[in-house]
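A.B. asks: Generate a structure from the sequence data that follows.
(one chain, ligands or ions: 1)
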Amino acid sequence: MIIEPRTRGFICLTAHPTGCEQNVINQIAHVKSKGKIDGAKKVLVIGSSTGFGLASRITSAFGSDAATIGVFFDKPATEGRPGSPGFYNTASFEKHANEAGLYAKSINGDAFSNEIKEQVVNLIKEGLGQIDLVIYSLASPVRKHPTTGKRFKSVLKPIGGEFSNKTVDFHTGTVSEISIKPAEGEDVENTVTVMGGEDWKMWMDALQSENLLAEGAKTVAYSYIGPEVTKPVYRNGTIGAAKDHLEATAFTISDDLKSIGGKAYVSVNKALVTQASSAIPVIPLYISLLYKVMKGKGIHEGCIEQIQRLYSERLFGGDLALDSKGRVRIDDWEMREDVQAEVTELWKTATTENLSEIGDLDGYSNDFYNLFGFKVDGVDYAADVNEIVDVPSIQ
Ligand code: NAD
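C.D. replies: Numbering: from 1, shown residues only. Below is the predicted model:
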């Protein structure tokens with residue numbers, strides 16, 4: 001079929017298998033171009049099909065020749081209906097990993113559930129024996145709690161008072177004022193339940209209790225801090241409360257891993273266009289200004305550049321360069337004083353009329369379409385493509 005983008009707000013309902021494959025190929029090429037990383041050899045990535053998780057899986061496999069197990073929650077294609085990008089990405093990743101002679105198995109299902117944890121435990125027992133790196137990169141709006149069965153929804157709201165600021169509709173370029181009502185009722189607790197550290201710890205407990213973590217195993221979860229301008233809705237908002245919880249959980253997990261000489265880290269990553277971040281009000285405007293400034297300075301990075309640098313310079317580079325709160329900071333270039341000062345100035349003047357000039361709206365929009373395999377260089381979108389693509393390890 002001919003597959004075209006069909007967008008609705010910040011999501012795209014279709015995805016292009018050839019475009020997704022090209023994205024994966026480009027990421028593999030980037031990792032290979034940077035040379036080998038003396039990193040972990042048996043890696044579990046939870047949230048492995050898009051964004052930072054996919055970049056982590058690719059960096060492990062093609063940077064360190066690692067065997068990888070990926071867990072994700074995506075929709076396979078059905079006749080006439082394309083699958084979700086994560087499914088196509090995973091199919092392509094496995095194909096290229098297999099061609100390179102690398103072990104790669106994937107499990108598509110709810111990572112929050114006991115069933116999926118059990119499936120992964122069994123897979124590790126059968127295939128890899130033990131894991132030496134666990135990447136936790138889930139971004140989800142909902143979580144069904146595995147012990148109570150209760151469904152929790154995360155929200156993106158300020159805490160304590162209404163927040164008003166500028167935002168952009170990145171499809172039209174219209175800059176407008178938005179007001180977001182503060183969290184109420186159990187919004188904060190619910191968001192912490194979905195995006196905090198409880199599930200990360202459950203994963204680590206499940207692996208450790210079955211003796212599936214190798215001596216010195218590491219685990220890393222991803223967090224975000226960001227600038228002053230997004231603070232009320234991000235870091236000081238409901239999602240920030242969840243990130244505080246995730247970051248605190250790293251210390252609890254590190255304590256648990258002491259007996260095997262293991263360690264848990266949080267890496268604070270840069271703001272990037274992913275399915276998760278497009279959904280957060282205000283962030284798209286910030287990102288389009290940030291992209292312009294960072295590209296102008298020659299320090300722009302996508303997910304793969306971020307994670308390749310995280311692995312090669314920090315996790316396996318001998319210098320974690322932890323901040324005062326014990327976090328790895330791969331958002332260091334985003335948070336540079338000169339970068340933030342310029343973005344802050346641009347923010348004050350940003351309007352619908354000048355955004356295409358002072359911001360990188362095209363870069364934002366292009367990255368958004370790329371997430372779904374569209375507008376990828378070198379792909380012939382007029383060509384007929386088979387929407388049904390299999391992930392080799394998933395029957
Ligand atoms: P993403 O939406 O691209 O990826 C999320 C992944 O989680 C996908 O593989 C998806 O399949 C998987 N997933 C979601 N729900 C699942 C479930 N129930 N079971 C199994 N898999 C599930 O998101 P991302 O932006 O790469 O975010 C990953 C992490 O990085 C998050 O913790 C996010 O907060 C953090 N982060 C993101 C940014 C950013 O700007 N995008 C910046 C810093 C940190």
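
A.B. asks: CA atoms for contacts and neighbours, from now on please.
C.D. replies: Fine.

A.B. asks: Would you confirm that residue 387 contacts residue 85?
C.D. replies: No - between residue 387 and residue 85 there is no contact under C-alpha atoms under 8 Å: 11.3 Å.

A.B. asks: Need the overlap of contacts for these two.
C.D. replies: 16-17 (C-alpha atoms under 8 Å, 6 or more residues apart in numbering).

A.B. asks: Neighbour count for these two, which is higher?
C.D. replies: For residue 387 versus residue 85, the count of surrounding residues by other C-alpha atoms under 10 Å is larger for residue 85: 28 against 22.

A.B. asks: which residues does that one contact?
C.D. replies: Counted by C-alpha under 8 Å, 6+ apart, residue 85 has contacts 15-17, 20, 49-50, 74, 371-373.

A.B. asks: So which of these reach the ligand?
C.D. replies: Residues shared between the contacts of residue 85 and the neighbourhood of the ligand are 49-50, 74 [C-alpha under 6 Å from any ligand atom].

A.B. asks: Hmm, residue 190 is touching residue 154, no?
C.D. replies: Yes - judged on C-alpha under 8 Å, residue 190 makes contact with residue 154 at a distance of 5.8 Å.

A.B. asks: Secondary structure element holding residue 221?
C.D. replies: strand 213-223 (DSSP states H and E).

A.B. asks: can you list contacts of that strand?
C.D. replies: 130-137, 207, 243, 246-247, 260-269.

A.B. asks: Give the pairing partners of it; include direction for each.
C.D. replies: strand 131-136 (parallel), strand 263-268 (parallel) (DSSP bridges).

A.B. asks: Could you pull out the buried residues of it?
C.D. replies: The neighbour-count check on strand 213-223 (16 or more other C-alpha atoms under 10 Å) flags 213-215, 217-223 as buried.

A.B. asks: Repeat that for stretch 248-262.
C.D. replies: Buried residues in stretch 248-262, counting neighbours by 16+ other C-alpha under 10 Å, are found at 248-251, 253-254, 256-257, 262.

A.B. asks: Ok, stretch 98-105 next?
C.D. replies: By neighbour count on 16+ other C-alpha under 10 Å, the buried set for stretch 98-105 is 102-105.

A.B. asks: how much space between residue 75 and the ligand?
C.D. replies: According to C-alpha to the nearest ligand atom, to the nearest Å, residue 75 and the ligand sit 9 Å apart.

A.B. asks: circling back: kindly present the ones next to the ligand among the contacts of residue 85 as CSV, with separate columns for secondary structure, neighbour count and pLDDT.
C.D. replies: Output for these, formatted as CSV (DSSP: H, G, I helix; E, B strand; the rest coil; neighbours: other C-alpha atoms under 10 Å; pLDDT from 0 to 100):
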residue, secondary structure, neighbour count, pLDDT
49, coil, 30, 98
50, coil, 29, 97
74, coil, 19, 97
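
A.B. asks: could you say what helices and strands the helix ranked longest in the chain packs with?
C.D. replies: Counting by DSSP state H, the longest helix found in the chain is helix 238-256. In terms of contacts (3 or more C-alpha pairs under 8 Å, 6 or more residues apart in numbering; DSSP states H and E), helix 238-256 is packed against helix 187-195, helix 198-209, strand 213-223, strand 263-268.

A.B. asks: Tell me how many other residues crowd the closest residue to residue 247 other than its chain neighbours.
C.D. replies: Closest residue to residue 247 apart from its sequence neighbours, by C-alpha to C-alpha, 6 or more residues apart in numbering: residue 266 at 6.1 Å. Residue 266 has 26 neighbours, counted by other C-alpha under 10 Å.

A.B. asks: which parts of the stretch 1-150 of the chain sit against the ligand?
C.D. replies: Residues of the stretch 1-150 of the chain lying near the ligand (C-alpha under 6 Å from any ligand atom): 47-53, 71-74, 109-112, 137-140.

A.B. asks: ok now the helix or strand hosting residue 338, how far from the chain's centre?
C.D. replies: In the assignment (DSSP H and E), residue 338 maps to helix 337-349. What separates the centre of helix 337-349 from the centre of its chain is 25 Å, taken as C-alpha atoms, centre = their mean, to the nearest Å.

A.B. asks: Mind giving me the packing neighbours of that helix?
C.D. replies: helix 283-296.

A.B. asks: what about the helix or strand just after the helix it packs on, average pLDDT?
C.D. replies: Next along the chain after helix 283-296, taking DSSP H and E as the criterion, comes helix 303-309. Mean pLDDT, helix 303-309: 98.

A.B. asks: Touching helix 303-309 from outside, list them.
C.D. replies: Contact partners of helix 303-309, identified using C-alpha under 8 Å, 6+ apart, comprise 27, 30-31, 51-52, 55-56, 59, 269-270, 272, 330.

A.B. asks: before we move on, the earlier item: check contacts around the residue nearest to residue 247.
C.D. replies: Residue 266 makes contact with 220-223, 246-247, 250, 327-328, according to C-alpha under 8 Å, 6+ apart.

A.B. asks: what does residue 280 give?
C.D. replies: If you count contacts by C-alpha under 8 Å, 6+ apart, residue 280 has them with residue 156.

A.B. asks: So it: helix, strand or coil?
C.D. replies: Per DSSP: H, G, I helix; E, B strand; the rest coil, the local secondary structure of residue 280 is coil.
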